[in-house]
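J.: Please work out how this folds:
(one chain, ligands or ions: 1)
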Amino acid sequence: MITIHHLKKSRSKRVIWLLEELGIPYNIINHQRDPISNLAPKSLALIHPLAKAPIIVDGKITLCESGAIMEYILNKTTSNQLRPAINSAEYYQYLEWLHFAEGSLALPVISTLLMQMKKRDGTSPLDRYIAKEISVDFSYIDQTLSKQSYFAGNTFTAADIMMTIMLEIANSLKLLNDKTNIKNYLTNIQKRKAYQLVVSHG
Ligand SMILES: N[C@@H](CCC(=O)N[C@@H](CS)C(=O)NCC(=O)O)C(=O)O
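T.: All right, here's what the predicted structure looks like:
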């Protein structure tokens, strides 16, 4: 059975909602935000290194990132419930909005929310959030790339194409200075013929 690691007032409500719509049984484990920083507690870091809600555990699979979790759950169903048939016009609308929510809309909305929150301990919530995200996210990425050549194992996939530009920007901002595995990954991936062609387009 799927276990959802849930934080109140968080994106984990997406997962509970989806499972309810589909009538799939689940367990919930509640975690409490840190009362000062409002960030996730250490108990979530014990489940997944990204330490954010939602996280699901289903047998050997532990997954963080709500969009990926939605797709994982839908892949368990046999019908096209809550996901248009692949290749229909609606499917591409579905795909665009599914990624848009976190890929584009979350950054301005959450940044505005954090900018409106009061400073605590002299640090702005936005600064605290960014520092924590940079530390946790790049440690997780570096750790992943210490164990495998690419994001989805030892085969190059579209996930690598999605990740590379953000890693290149991070590198130019000197956020990767102690992240040897990410830097080696970039050097390696930039040797690809198709990548070289892209660079020639500017
Ligand atoms: N893009 C991620 C964002 C996850 C995320 O930031 N979750 C928030 C709750 S809505 C969280 O755990 N915040 C606490 C923290 O970052 O420490 C997703 O869609 O799952």
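J.: Kindly report the residues of the chain close to the ligand.
T.: Residues of the chain lying close to the ligand (CB under 6 Å from any ligand atom) are 7, 10, 11, 39, 40, 52, 53, 54, 65, 66, 102. In short, each C-beta sits where N, CA and C put it, glycine included.
J.: which helices and strands sit right next to whatever helix or strand residue 44 lives in?
T.: Per DSSP states H and E, residue 44 falls inside helix 42-45. Applying 3 or more CB pairs under 8 Å, 6 or more residues apart in numbering; DSSP states H and E, one finds that helix 42-45 makes contact with no other helix or strand.
J.: Measure how far that helix is from the centre of its chain, please.
T.: 16 Å (CA atoms, centre = their mean, to the nearest Å).
J.: again with stretch 51-62
T.: With CA atoms, centre = their mean, you get 12 Å for stretch 51-62.
J.: Show me the domain layout of the protein.
T.: 1-83, 119-202 (automatic domain parsing).
J.: longest helix of the protein?
T.: Identified as the longest helix of the chain according to DSSP state H is helix 125-147.
J.: list the contacts for the nearest residue to residue 164 once chain neighbours are set aside?
T.: Sequence neighbours aside, residue 189 is the residue nearest to residue 164 in space, at 5.9 Å (criterion: CB to CB, 6 or more residues apart in numbering). For residue 189, the contact set (CB atoms under 8 Å, 6 or more residues apart in numbering) comprises 156, 160, 164, 195.
J.: where's residue 189 relative to residue 156, distance?
T.: 8 Å (CB to CB, to the nearest Å).
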